[in-house]
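>>> from the sequence below, what's the structure:
(3 chains)
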Amino acid sequence: MKRNYDIDLLIEKFKKKDKIALARLITLVENNPETTTNIFNNFDSSENDSYIIGITGSPGVGKSTLVNAFSKILLENGKSIGIISVDPTSPFTGGAFLGDRVRMTDISLHPNIFIRSLASRGYKGGISRAVFDITLLYEAFGMDFIIIETVGVGQSEFDIYNLAYTTVVIMVPGYGDSIQIQKAGIIEVGDVYVVNKKDLGGEDIVVQMEMMLDDATITQSGWRAPVIMTNSITGEGVNSLIEKIMDHKEHLELSELLKEKKKHRFAYKIEELLSSKIGKVLESLISEDDLNKISNSVLQGKKFKIYDMVHDLFSNVKFEMKKSD
Amino acid sequence: MFDENYLEKIKEKKQEWDKKFENTKEREIKFITDSGIPIKNLYTPLDVKSNYLEDVGFPGNTPYTRGVYPNMYRGQLWTMRLFSGHGTPEETNKRWKFLYSHGETGFSAAVDALTFNGIDPTNPDGDAEVGTSGVPLYCIDSMFALTEGLPIDKVSVALIVEPFTSAPVCAMYYNMAKMRGLDIKALMGTTQNDILTMTVGYVPYKNVNPYHILRLACDLIEWCVPQKNVPRWHPINFTGYNYREGGIDAIQELGFVFASACSHIDNLIDRGWKVDDFVSRLAFHLSAHKDFFEEIAKYRAARRIWSKLIKDRYEAKNPRSMEFRFHVQTAGSSLTAQSPNVNIIRTTIQALEAALGGVQSLHTNSYDEAICLPSEEAVLLALRTQQVIQDETRVPNTIDPLAGSYFIEWLTDELEEKVLSYIDKIEKVGNIARALDTGWLYKEMRDAFMRRQNRIEKGEEIVLGVNKFPVPYDQTTTVFRTNKEAVKIEQERIINLRKRRDNKKLETLFDKLRKVCEKEENVMPIMMEITKEGATVGEICDVYREVWGIWEPPIAI
Amino acid sequence: MEVIFGGFQNVEQIVESAISEDVDVIGLSMHSGAHLVYTERVINLLKEKGVKDHFLILVGGVIPVMDFPTLKKMGVANVYGPGTVVADVVNFIVENTKK
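Numbering: from 1, shown residues only, chains lettered A, B, ... in the order given. You can find the predicted model right below:
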C-alpha cells in the first residue's frame, strides 16, 4: 500500500541523514533491483568509505551479543555504524525469522546506529545482491563502520569475506568442535577467530585452532589470524576483540592490502553482475524443455553422455559477439 | 497378571469377538490419545503386561502407582487451592479471605509480570503491567500486606514465582513470617521456582542465562531443605502445567519435568548432598487436560517413573524420597472465550481426572479465565466444583478406583515407556540449562504448538464454540478488570520504603550480594539479610544482570 | 510475506524496529491485560514521529471483545481475540496491504 515511494523525495531526506528515508530506500533496492541504478546515480558526489566488518558463526554462538557489545564501544567513540543482520529464514514457516536486533536492544535506539535485518531467503537476485546494495547505501549515508552479521561459513547463501575487509569467525565450544573447525574453508576465511565460551569450557578448541592456523597460514598477507576467547554474556574479551579487529584494519591499511580488499569487493560484484546478465541471455536461448530433455535422458541410462548432450545443445546456440562502442 | 491357561481361553473368545466387530461400522475419526497413542476398540486381560506386585502394588508402597499414601483420600482430601493474585497485595489478601471463608484449604499467590521479571513498578518499561496478571510482590512490605490476618502457620501458601526472582521473593516471605513471630522451620508452602516456566512457557524479559537460573533454583532448594532452614517447605514445583499449556502433549509434559528434575538433583549432588537429603521435598505441578483417560494414566505413570528413577538412577535408600507428590491445575488452554459457561463443564471433567489420579492439591480454573483474571463469582464456582467432587460424589471413598481397568493399566504402561524414551531424547542434548540455551526445547515447543494449532484449524481436534458449533466472540462475559490505581499504589509503596530504609547499610549489602553472585555462592543467606533491610526485587535482579549479563532466549520460529 | 519476530521489546524499540525494517504491518501480541495502555503508547510514539500512516497496526492476544472498539478508535486496523484462525489474519493482511 505504501510501496509507491517517491524516490526524489526520499533521496532529499536521505541526504539530510533521515533514517526513515534510509529504511525506505533499502526496501526499494531489496525489492526492486531495477530502481537501484536510479537511486545510486544520486550519490555520485559521496566520497565516504565505510570500513566493512563481517561477523559469521552458526546460530546460537552469540554473534549478535558480541556485535552489540562491540558496537557500543564504537558508538562511545563517536563512530556511526550500519548493521546488516542476515538471519536464517525459518524452515518451518518459510517466511518468518527472528530479528537479531532483539539481542541488540542496548544500542538499537542510539542515533548513530542503524540496524536492518534480512531474511536469508527471498530476494530477487539473491541475498548477496541485497547485502551489497545495502552496503553502498550505508556508505552513501556516511556510516563509519558497516557490520555484516551472517550465519555460519558454508551455511549462508553467500560468502561474506568477498564483501568484508575484516572477517570475524565466531565459534562456541561443545557444539561439535572438530566439525566446526574442519568445515571447508574456515581456516582460510577468518581474519580474527573468536571462541565465545559462555558458561562452558573452550580452552581445547582454542588450542586446536591455534595449531591449525600455525600449520595453514602465515599467508602472503603477513597476517596470522589471532584466536581470542570471549564471554558474550559478561562482556569479557570484547575489548580484545575490538583491538584485534583494529589491528587487522591497521595492518590492511599499512600494507596497502585494504586497496586490494576493496578492489576485490567490487571485482566480485562485477563478476556476479556479468554472470547474471549472461545467465539471462542463456535463459532466453535455452528453454526449460531443452533442459528437461537432457535430464530425462540422463536418468534413462545416458549418464555418461551428459557432456556430449550439453555440447550438442550449445552447438545449436549461435552467439554473436559484438563489443559495444 | 493372569493365569496362562485362562488367558488362552480369553484369546480364543477375543478372536471370535474380533470377527463380530469387523462387521460393524466405525466412525471415521482417528482413535488416538491426545499424545497420539493409537487406541484399540476394546481392552481385555490380554493387554495387561504389567506385574501387579512389582508395577502396580499398594498405595503407600513403591512404585506408588496407586498413590503415595496408604490411606489417600480416606485420610485427608486433596488441598483445594485456587488462583489468586491481582492488583495489589491488599486486594489479593481480600481474595484469600473470601476464598478461605468459602472453604479453600490452601492459598496461592501468582505474581505479576513485573515481579516475575525482576522489574520494580517504578521502571517505565513495565509500569503498565503492575498487578494486571498477578500480584506485585517486590518488597517485604508487600508480604505483610498479602498475609495480614491469615493463619499462614496453619494453611500452606504457594508462591508462584520462578527462579529468576524466587530467592528474593521467598526471603521476603520468610522474613515476614519471622517478624510475625512464626518459626520458619515449621512453615508450610511451595515455591514454584521452575526454570522452564519463564523460558519455554513464557517469553522472559531481561532475565539471565539458564545456567544461572538453574543455580538460583537449586540455591533455594539447598537452603530450605538439606540446610534445614525451612525444611517443611517445597522449594520447587516442577511445573509441567505451564509448558503443557504451550501445546506439548502428556508425554512431553512428563519428559520435560523429569529431565528438569534430574538436572536439579545432579546440581545438588554436585554440591555434596545425598539424594535422600532433599528429594522428598521436590514437588510437581501437572496439567489436567482434555483427554480424560490419558491424563489419569499419566498421573499413575508419573508416580511409577519417579519412584523407579530415584531408586535406580540415584540409588535412594529412603522410600519417602521416591514419592511423587503433585499439584494439578485444570487446562487453561482448553477454555474458550466463546460460550464461557461451557468452561465450567470442561473444568469439572478435568478436576475429576485429577481426583481419580490421586492428586495432592488441585487448582480448578474459573470459567472466565480465557479472557481475564478470575472474578470473585467465577472463582467461587471453581471452588464449588471441587467441593462437589469431594463432598457429594463419593469419588474419594476408595483409593485409585480405576486400577485394574484393562485400558487404564495398559495406557499407564504405554505412557511410562514413551516418557522414558522421551527423557532419553532430552538428555542426549544435555542438562536442562543446555537444552534451553541450545534452543532445542524451543524447537520442541514450536513444533508441538504448530501441530496442535493445525489440528484445531483442520477440525481434527474439536473445540466447541470455535471449530464446531461456532459461536461469535462477543460480549457474553463480564470482564474482571484489575485495579487501575495499582501502579500508583505500588510506586508510592516503593518510594516510601526507599525513604524509610537505611540506604547506606543497603549499599554495603548490595556489594556483598555482588560478590556472592561473582563467586557463584548460594544467594539465600545474603538474600535474607538484604530483603529484611528493604531491598526490592528489581534492585536485586539488577545485580544479577550486572554480574551475569542479560540472556535472550533462542526462540524457535 | 516475511515475518520478523521482534521478541519482547519496549515501546521505543518496537517503533524503532518498525521504522528501520520498514515493515508494512506491526503486530502487537499481549496477554497481560495491559493492551490498552501499550497500544496507545505505541500509536502515540508513531504519531510523534510522523509515521503512523506507514503501518497497518494489528493487535492480538487475550483481548476482551469490549476493548475492540477502543483499540480501533486508537487506530488499530483489526483485533484478534482467543480462537483466531491464522488464515484469517493472513487474509486480512493480504487484503489490506495490496494496491
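
>>> chain neighbours aside, what residue packs nearest to A:V189?
Of all residues not flanking A:V189 in the chain, A:Y161 sits nearest, at 4.7 Å (Cβ to Cβ, 6 or more residues apart in numbering or on different chains). All C-beta spots, glycine's among them, are computed from the backbone N, C-alpha and C.

>>> doesn't that neighbour lie inside a helix?
Yes: assessed by DSSP: H, G, I helix; E, B strand; the rest coil, A:Y161 belongs to a helix.

>>> what score does it have for pLDDT?
Looking at A:Y161, its pLDDT is 80.

>>> could you double-check that it lies in contact with A:T167?
Yes: look at A:Y161 against A:T167 with Cβ atoms under 8 Å: they come within range, at 4.5 Å.

>>> residue contacts, the closest residue to A:G78 other than its chain neighbours?
Once flanking residues are discounted, A:G78 sits nearest to A:N112: 7.8 Å by Cβ to Cβ, 6+ apart. Counting by Cβ atoms under 8 Å, 6 or more residues apart in numbering or on different chains, A:N112 touches A:L75, A:G78, A:K79, A:S80, A:I81.

>>> among the residues you listed, which ones are buried?
A:L75, A:S80, A:I81 (16 or more other Cβ atoms under 10 Å in any protein chain shown).

>>> which ones among those residues map onto helices?
The helices, defined by DSSP state H, take in A:L75 from the buried ones among the contacts of A:N112.

>>> so where do the strands sit in the stretch 1-150 of chain A?
For the stretch 1-150 of chain A, strands defined by DSSP state E, counting those that start in this stretch occupy the ranges A:51-57, A:81-87, A:96-98, A:113-119, A:145-151.

>>> between those, which gets the lowest average pLDDT?
Here the lowest mean pLDDT among the strands of the stretch 1-150 of chain A goes to strand A:96-98, at a mean of 72.

>>> ok, it near chain B or not?
Yes: counting by Cβ under 8 Å from any Cβ of the partner chain, chain B has neighbours in strand A:96-98: A:A96, A:F97, A:L98.

>>> ok, now how distant is the last one from A:V189?
For A:L98, the distance to A:V189 (Cβ to Cβ, to the nearest Å) stands at 25 Å.

>>> what does the first one give?
Noted for A:A96: a distance of 29 Å to A:V189, by Cβ to Cβ.

>>> those two: which has the busier surroundings?
Neighbours per residue (other Cβ atoms under 10 Å in any protein chain shown) separate A:A96 from A:V189, with A:V189 holding more: 22 against 16.

>>> which residues of chain C lie near chain B?
Within chain C, the positions near chain B by Cβ under 8 Å from any Cβ are C:3, C:5, C:7-8, C:10, C:31-34, C:37-38, C:41, C:62, C:64-66, C:81-83, C:85-87.

>>> pLDDT weak spots in the stretch 351-500 of chain B?
Applying pLDDT under 70 to the stretch 351-500 of chain B picks out residues B:475-477.

>>> for A:Y268, which non-adjacent residue is spatially closest?
A:N162 (4.4 Å).

>>> so who does A:D133 touch?
Neighbours of A:D133 in contact, by Cβ under 8 Å, 6+ apart: A:V29, A:E30, A:P33, A:T36.

>>> go again with 6 Å.
Contact analysis of A:D133 by Cβ atoms under 6 Å, 6 or more residues apart in numbering or on different chains lists A:V29, A:T36.

>>> and it, what pLDDT?
Looking at A:D133, its pLDDT stands at 92.

>>> how's chain A carved up into domains?
Here the domain parsing of chain A from automatic domain parsing is A:1-42, A:46-265, A:271-315.

>>> show me the one of these that comes nearest B:A448.
Using Cβ to Cβ as the measure, domain A:46-265 is the one of the domains of chain A that comes nearest B:A448, at 12.1 Å.

>>> distance between the ends of the closest one?
One end of domain A:46-265 to the other measures 18 Å (Cα to Cα, to the nearest Å).

>>> kindly report the same for stretch B:59-68.
End residues of stretch B:59-68 are separated by 6 Å (Cα to Cα).

>>> likewise for stretch C:23-41?
Across stretch C:23-41, the terminal residues are separated by 19 Å (Cα to Cα).

>>> would you mark the buried spots in that stretch?
C:23-28, C:30, C:32-41.

>>> distance from the chain centre to the strand or helix carrying B:S307, please.
Counting by DSSP states H and E, the element that carries B:S307 is helix B:292-308. In terms of Cα atoms, centre = their mean, to the nearest Å, the centre of helix B:292-308 is found 15 Å from the chain centre.

>>> pLDDT on the next helix or strand after that helix, on average?
Past helix B:292-308, further along toward the C-terminus, the next helix or strand under DSSP H and E is strand B:326-330. Averaged across strand B:326-330, the pLDDT comes to 97.

>>> partners of strand B:326-330 in the sheet?
According to DSSP bridges, strand B:326-330 forms sheet pairs with strand B:282-288 (parallel), strand B:361-363 (parallel).

>>> immediately after that strand, which helix or strand?
Using DSSP H and E, the helix or strand that directly follows strand B:326-330 along the chain is helix B:342-357.

>>> tabulate the residues of strand A:96-98 next to chain B (JSON lines), appending distance to chain C.
Converted to JSON lines, the residues of strand A:96-98 next to chain B look like this (distance: Cβ to the nearest Cβ, whole Å):
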{"residue": "A:A96", "distance to chain C": "4"}
{"residue": "A:F97", "distance to chain C": "6"}
{"residue": "A:L98", "distance to chain C": "5"}
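
>>> SS state for B:A109?
For B:A109, the secondary structure call by three-state DSSP comes out as strand.
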